[in-house]
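Participant: Attaching a predicted model along with its sequence, questions to come.
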Amino acid sequence: MSDGTRPRGRQLRLGALAAALTATLALLCCTGGAGAFFLTELGGESTDMAPVSMDCKENYQVDVRGKIPRMSGYGQVQLRNAARIIKVGQEMKVPPRGWVIAVATAMQESRLRNLANRTVGESENLPNEGVGADHDSVGLFQQRAGWGTVAQRMTPEYAARKFYEKLVKVPGWETMPLTRAAQAVQISAFPDAYAKHEDMAARIVNALAGGAARIALVDGKKACDRAAAGQIAASGWTAPIPGGVGSGFRTASRPGHNGVDIAAPKGTDIRVAATGRVLVSRCDPDNRNLLTCNVDGWPNKGGCGWFVDVLHAGGFITRYCHMVSKPRVKVGQLVEAGAVIGEVGSSGNSSGPHLHFEVHEDGDRSSRGAIDPVPFMRSRGAPLKGVG
């Protein structure tokens with residue numbers, strides 16, 4: 001529910017990030033293993049989406065009456081509503097980041113269903129896709145009376161237009177965390193609830209709008225797959241540093257290498273790849289051989305050196321190893337996409353300055369959760385330099 005002036009009371013609050021329950025092994029970053037670290041709160045949806053192959057097309061126009069891709073967890077009516085939201089954004093020339101924010105907001109408010117209300121919607125015999133129960137809130141965005149008449153608020157195009165009109169007036173909305181941008185429009189009593197939908201919303205936008213969540217603004221122009229360090233794609237992701245990938249993910253010569261190594265000069269800023277909550281920020285030496293992270297390391301001795309783990313929407317975790325000094329962030333801190341969290345170094349198991357970068361899924365910090373960062377980052381519009 002939202003009336004633009006007072007908090008809503010229906011949403012479930014996104015729980016505070018739970019502390020880790022167990023850490024059983026020391027992290028052995030560049031020699032393979034990673035310690036188990038179980039989480040009780042991931043901040044993401046458990047629903048999956050059917051694979052959709054879609055090249056990034058900067059000027060792709062949504063066809064709300066055309067064929068809608070199949071996605072598990074969301075029906076054709078819901079996805080067509082998402083298409084209508086995106087279409088309005090295109091007509092208003094709102095950048096693709098706004099489409100992701102709008103779709104994520106409607107996912108939280110109504111699960112992309114055009115809801116009536118027991119007291120105002122049903123009594124007017126308006127077509128609807130379900131009945132909500134939050135005061136006089138109706139429609140995809142659960143907008144209250146201050147947003148327009150009942151009939152207007154239950155018209156998806158009208159509701160989306162009103163949402164975008166308020167969003168684009170929020171200073172800095174394109175670079176702030178999705179949940180802050182949505183909250184600035186919705187004025188929710190439980191603003192954290194929007195965050196968990198960001199990853200799925202980006203995937204829906206990609207599927208319906210020609211890969212639009214992979215678009216970044218470069219020199220004021222839209223460009224596909226150009227979210228370099230400091231530039232943010234519509235998906236909310238950016239490359240952590242501008243260097244090129246050297247050693248890859250679980251290669252034949254290094255099957256236990258659970259990330260990629262990105263070469264860069266010592267002191268290069270490391271940026272967090274997406275908005276998230278810091279899980280770990282500490283020194284990880286191999287206590288048998290290297291007792292401090294404040295010196296350059298050496299290969300085959302184990303340890304990530306100074307490192308950071310960050311939890312993102314969708315249950316993804318990113319890891320940043322071998323920092324030159326103590327990270328700039330603390331456990332529990334919310335960090336915005338593109339924020340500098342440390343500098344490239346050579347602490348821990350390292351033969352020279354570089355960033356060891358990992359991506360994990362399902363909230364699993366161990367080696368079991370590690371996935372190849374190269375295709376993952378490309379799918380988010382933030383490809384790692386030097387790889388196709």
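Facilitator: Alright, I've got the coordinates. Since this is a predicted model, take the numbers as computed values, not measurements.

Participant: Show the average pLDDT along stretch 272-281.
Facilitator: Average pLDDT, stretch 272-281: 97.

Participant: Walking through the protein, point out its strands one by one.
Facilitator: 116-117, 131-132, 215-218, 221-224, 260-263, 269-271, 276-285, 303-312, 317-323, 334-335, 340-343, 354-360, 370-371 (DSSP state E).

Participant: Distance to Gly244 added to the ones you listed, as JSON lines?
Facilitator: C-betas here are computed from N, CA, C, even on glycine. Formatted as JSON lines, these follow (distance: least, C-beta to C-beta, whole Å):
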{"stretch": "strand 116-117", "distance to Gly244": "54"}
{"stretch": "strand 131-132", "distance to Gly244": "50"}
{"stretch": "strand 215-218", "distance to Gly244": "19"}
{"stretch": "strand 221-224", "distance to Gly244": "19"}
{"stretch": "strand 260-263", "distance to Gly244": "6"}
{"stretch": "strand 269-271", "distance to Gly244": "15"}
{"stretch": "strand 276-285", "distance to Gly244": "25"}
{"stretch": "strand 303-312", "distance to Gly244": "21"}
{"stretch": "strand 317-323", "distance to Gly244": "16"}
{"stretch": "strand 334-335", "distance to Gly244": "25"}
{"stretch": "strand 340-343", "distance to Gly244": "18"}
{"stretch": "strand 354-360", "distance to Gly244": "10"}
{"stretch": "strand 370-371", "distance to Gly244": "20"}
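
Participant: If you average pLDDT over each of these, which is lowest?
Facilitator: Among these, strand 131-132 carries the lowest mean pLDDT (a mean of 62).

Participant: Just the pLDDT at the nearest residue to Val103 once chain neighbours are set aside, thanks.
Facilitator: Residue nearest to Val103 in three dimensions, not counting chain neighbours: Ala201, with 4.3 Å by C-beta to C-beta, 6 or more residues apart in numbering. If you check Ala201, the pLDDT there is 97.

Participant: and if you look at Asn125?
Facilitator: Taking Asn125 on its own, its pLDDT is 61.

Participant: One more: the one 10 residues further on?
Facilitator: Per-residue confidence for His135 comes out at a pLDDT of 66.

Participant: Then Asp192?
Facilitator: Reported pLDDT for Asp192: 81.

Participant: ok now stretch 149-166, how far from the chain's centre?
Facilitator: In this view, stretch 149-166 has its centroid 26 Å away from the chain centroid, taken as C-alpha atoms, centre = their mean, to the nearest Å.

Participant: Among the strands of the chain, which comes closest to Ser110?
Facilitator: strand 131-132 (7.1 Å; C-beta to C-beta).

Participant: For beta bridges, what are the partners of the spatially closest residue to Lys330 that is not a sequence neighbour?
Facilitator: Spatially, and ignoring its direct neighbours in sequence, Lys330 is nearest to Ser281 (5.8 Å; C-beta to C-beta, 6+ apart). Ser281 has these beta-bridge partners by DSSP bridges: Val308.

Participant: so where is this protein shaky, pLDDT-wise?
Facilitator: Along the chain, segments meeting pLDDT under 70 span 1-54, 118-135, 189, 286-291, 300-302, 386-388.

Participant: follow-up on the earlier one: count the residues that sit near the residue nearest to Val103.
Facilitator: 31 (other C-beta atoms under 10 Å).

Participant: out of the strands of the chain, which comes closest to Gly243?
Facilitator: Sorting the strands of the chain by C-beta to C-beta, the top spot, which is the nearest, belongs to strand 260-263 at 4.4 Å.

Participant: how far does the closest one sit from the chain's center?
Facilitator: The answer for strand 260-263 is 22 Å, by C-alpha atoms, centre = their mean.

Participant: and what of stretch 205-224?
Facilitator: The answer for stretch 205-224 is 15 Å, by C-alpha atoms, centre = their mean.

Participant: Same check on stretch 315-325?
Facilitator: Distance, centroid of stretch 315-325 to centroid of chain: 16 Å (C-alpha atoms, centre = their mean).

Participant: about what we covered before: look up how far Cys224 lies from the residue nearest to Val103.
Facilitator: 18 Å (C-beta to C-beta, to the nearest Å).

Participant: got it, and Val77?
Facilitator: Distance from Val77 to Cys224, by C-beta to C-beta: 29 Å.

Participant: who's more crowded, these two?
Facilitator: Remark: of Val77 and Cys224, Cys224 carries more neighbours, 19 against 13, as counted by other C-beta under 10 Å.

Participant: how about that one, what does it touch?
Facilitator: Cys56, Lys57, Glu58, Gly211, Arg214, Ile215, Gly381 (C-beta atoms under 8 Å, 6 or more residues apart in numbering).

Participant: out of those residues, which are buried?
Facilitator: Cys56, Gly211, Arg214, Ile215, Gly381 (16 or more other C-beta atoms under 10 Å).

Participant: list the contacts for the nearest residue to the second one once chain neighbours are set aside?
Facilitator: Counting by C-beta to C-beta, 6+ apart, Gly211 lies nearest to Cys56, which is 3.5 Å off, once chain neighbours are set aside. Each residue near Cys56 by C-beta under 8 Å, 6+ apart is listed here: Gly210, Gly211, Ala212, Arg214, Ile215, Cys224, Asp225, Gly381.
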